[in-house]
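Colleague: please work out how this folds:
(chains A and B)
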Protein chains: 2
Amino acid sequence: MTLIVQKYGGTSVGSPERIKNVARRVAQWKARGHDLIVVVSAMAGETNRLIALAKELQSSPDPRELDVMVSTGEQVTIALLAMALMEQGVPARSYTGAQVKILTDSAHTKARILSIDEQHIRRDLAQGRVVVVAGFQGVDDGGNITTLGRGGSDTTGVALAAALKADECQIYTDVDGVYTADPRIVPDARRLKTVTFEEMLELASLGSKVLQIRSVEFAGKYRVRLRVLSSFEEEGEGTLITFEEDQNMEQPVISGIAANRDEAKITILGVPDRPGIAYQILGPIGDGNIDVDMIVQNVGHDGLTDFSFTVHRNDYKKALVILQPIREHIKARDIVSGDKIAKVSLVGVGMRSHAGIASTAFRALAEEGINIQMISTSEIKVSVVIDEKYTELAVRVLHKVFNLDQPA
Amino acid sequence: MTLIVQKYGGTSVGSPERIKNVARRVAQWKARGHDLIVVVSAMAGETNRLIALAKELQSSPDPRELDVMVSTGEQVTIALLAMALMEQGVPARSYTGAQVKILTDSAHTKARILSIDEQHIRRDLAQGRVVVVAGFQGVDDGGNITTLGRGGSDTTGVALAAALKADECQIYTDVDGVYTADPRIVPDARRLKTVTFEEMLELASLGSKVLQIRSVEFAGKYRVRLRVLSSFEEEGEGTLITFEEDQNMEQPVISGIAANRDEAKITILGVPDRPGIAYQILGPIGDGNIDVDMIVQNVGHDGLTDFSFTVHRNDYKKALVILQPIREHIKARDIVSGDKIAKVSLVGVGMRSHAGIASTAFRALAEEGINIQMISTSEIKVSVVIDEKYTELAVRVLHKVFNLDQPA
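Modeller: Next up, the predicted model:
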């Protein structure tokens, strides 16, 4: 007897028909003798509908009241799924976050989970029921309804798996796992059977929409066995996210290649090369609530250096406005910038023990005439910024040069 | 400083625009220095939408899960109204039934209120907030969400007024009070400034849709000052429902005339006139979950009598099916029945001390050639069953003969 936590997102429960499909899948797992906790999101579109309604009544909706309202989305889905399970002869009971109770802090619309009460869930599981839990929501110690922010249903699933020491947390989504590259760009991209948490964290931060980065962090912290599966395919093992590098398998050097077109680059030319200059530039950017991704500063000469960084394209114009007075103040020569860029990254824990990965990548790109504008590396990642128009070509070239189409 | 409970139904909060209107009205009352608790229903149509969705997933939806789902309707409205109040500068906070907490028994979809915790509400009122409470819902001692059944929002309002000893409970609806007759039938019908609880109970049981009968019973039991007002008119005092006959005013003999076309009549002819026969007939009807309204049995002769009663038209055919074997068993002669009937009733506490009301009514009907098929009386009511086609005529004739168009 194993305890499995399954999480189904908004698309997977987007219609009565799809909820029936989820119920059928849950019933199959149950029939195999597993205990099951099922976490669901609101039906696709519902959360946005509710937020739009709120904005009709308050220009900037009160966060406490917004949580009261938005949390009804999952509350409807849990009841519907419990009904669908009963209709298929499977005993089931639904729980809101408050009913569980999933205690959070009081940061409405972006609350963090503090603890989970196992009592009701354990009792229902012992009585043979499937327990259906509303994702994305909790309750603070004042009894106020809270939400965990967008994508929080993944976090609910992982947190429940951690609290109840589940054997596995399965995240059902509209893709059937994590791939060596986007299959729309690289037709022979392979699904990875396993990927490490560190790699998954890098992939998530690179814009891979498979899992919310916060739920991956949570799974890593509590060592939850996490698996990504397709909710639209009957069979398939998906991708298992492991928290240890598998010593017995030959570790592939590179696990995958990710591309991200959401960024813009900004370079300040002729910056005086003195201590504190990076803070003088990036401090005001952070104060403006703009997240900075890559930061590159090269060795200077003649007392001057060039300072580059990337921001989300949505923040690009705002960042330029903030920088203009700073440039004058620090007497930098000029600002050059552009948003027609892409960031292409190689990710793999195997890089740690393999030299020459970066140079292999740079040579492959050069042979295709792709100019590299910025480079940033970590222990398990090499990222380059290139002209946006070369995105697909770069991904395909790198996929090929590292033989990612071949099973590891 | 007085404490007012206001209740707004589904039509009054049926759109964002209408919710803003409710907020404006609440803000006006608040500006006059009153403390306010506002109870709201789900937006018109929402409860039916949710029930239809449930039925797509479970042929006979599980009552516990149905309550989890249906209760989201009010949960959305409380948040929207709280937001609308804040947008108008009025501090406000919303509460679900569980958050209040309104403790009920565990009879899902038709729960009864056991107790109300005043703590949160008192604290918010003391801090100058308007408290917005979800009608129609509560929570049982196992933490399960319950609903009070259709029209339960009126009951929530009255129960809160009773628990917090409010000075008045105002029920806002789409009519501006209780009338001496339906103004669509009698153009010169007058709005009553006051009506007694007993009269209101009779009127509610006669199908007047102004107030749910359960909330009236509740108000009578806890002596809550109850007022019916229009949510679509800015001014107006509506109708106050009093729990004592006003000794200082000249009590009108008749308060109002109600008509009900929802019933069907059934007569069993030639029933053996012996003890227990009424139970033999009505027992199986009750077992079939059919409510019986009027029951008439006249003095028998030759050991036989005729036994008549009325049921809701929806139950008419079912009742006839149940009765057929009973007729054979008790050897009654025949069953005659019809659903083209109307019940017209005079209601008034003044009847108690005035003789001749019934005969005046019967004469007025006879003069118009309206045949009376059944008669039933209580201390404050005279009801007659007539041919449905005479409904409007009968109401107008009775309204006139008792001078109800004249102020009392």
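Colleague: quick one: residue A:38 from chain B, how far?
Modeller: With the distance defined as CB to the nearest CB, to the nearest Å, residue A:38 ends up 14 Å from chain B. (C-beta placed from N, C-alpha, C; glycine too.)
Colleague: could you look up the SS state of that residue?
Modeller: Three-state assignment for residue A:38 (DSSP: H, G, I helix; E, B strand; the rest coil): strand.
Colleague: how many other residues sit next to it?
Modeller: By other CB atoms under 10 Å in any protein chain shown, the residues close to residue A:38 number 30.
Colleague: could you verify my assumption that it touches residue A:3?
Modeller: No - taking CB atoms under 8 Å as the contact criterion, residue A:38 and residue A:3 are not neighbours in contact, 11.9 Å apart.
Colleague: residue contacts, residue A:47?
Modeller: With contacts defined as CB atoms under 8 Å, 6 or more residues apart in numbering or on different chains, the neighbours of residue A:47 are A:10, A:70, A:73.
Colleague: try it again with 10 Å
Modeller: A:10, A:41, A:69, A:70, A:71, A:72, A:73, A:74, A:136, A:147, A:150 (CB atoms under 10 Å, 6 or more residues apart in numbering or on different chains).
Colleague: SS state for residue A:305?
Modeller: For residue A:305, the secondary-structure state derived from three-state DSSP is strand.
Colleague: ignore what I typed, I meant residue A:111.
Modeller: Using three-state DSSP, the secondary structure recorded for residue A:111 is coil.
Colleague: about what we covered before: keep only the contacts of residue A:47 that also lie close to chain B.
Modeller: Contacts with chain B are made by A:69, A:70, A:71, A:72, A:73, A:74 out of the contacts of residue A:47, judged by CB under 10 Å from any CB of the partner chain.
Colleague: for the residues you listed, give me a markdown table that also has neighbour count.
Modeller: Formatted as a markdown table, the ones next to chain B among the contacts of residue A:47 follow (neighbours: other CB atoms under 10 Å in any protein chain shown):
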| residue | neighbour count |
| --- | --- |
| A:69 | 28 |
| A:70 | 26 |
| A:71 | 28 |
| A:72 | 26 |
| A:73 | 28 |
| A:74 | 32 |
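Colleague: mind telling me the two of these farthest from one another?
Modeller: Distance extremes for these: the farthest pair is A:69 and A:74 at 11.8 Å, using CB to CB.
Colleague: now do the shared contacts for those two.
Modeller: Common neighbours of residue A:69 and residue A:74 are listed as A:47, A:147, B:72 (criterion: CB under 10 Å, 6+ apart).
Colleague: out of the residues you listed, which sit inside helices?
Modeller: Where the shared contacts of residue A:69 and residue A:74 overlap with helices, as defined by DSSP state H, the overlap consists of A:47, B:72.
Colleague: touching chain B at all, stretch A:51-63?
Modeller: Yes - part of stretch A:51-63 sits near chain B under the criterion CB under 10 Å from any CB, namely A:52, A:53, A:54, A:55, A:56, A:57, A:58, A:59, A:60, A:61, A:62.
Colleague: are any of these buried, and which?
Modeller: Among the residues of stretch A:51-63 next to chain B, those classed as buried by neighbour count (16 or more other CB atoms under 10 Å in any protein chain shown) are A:53, A:54, A:56, A:57, A:58, A:61, A:62.
Colleague: would you mind measuring from the third one to residue A:240?
Modeller: Which is residue A:56. Applying CB to CB, to the nearest Å, one obtains 44 Å for the distance of residue A:56 from residue A:240.
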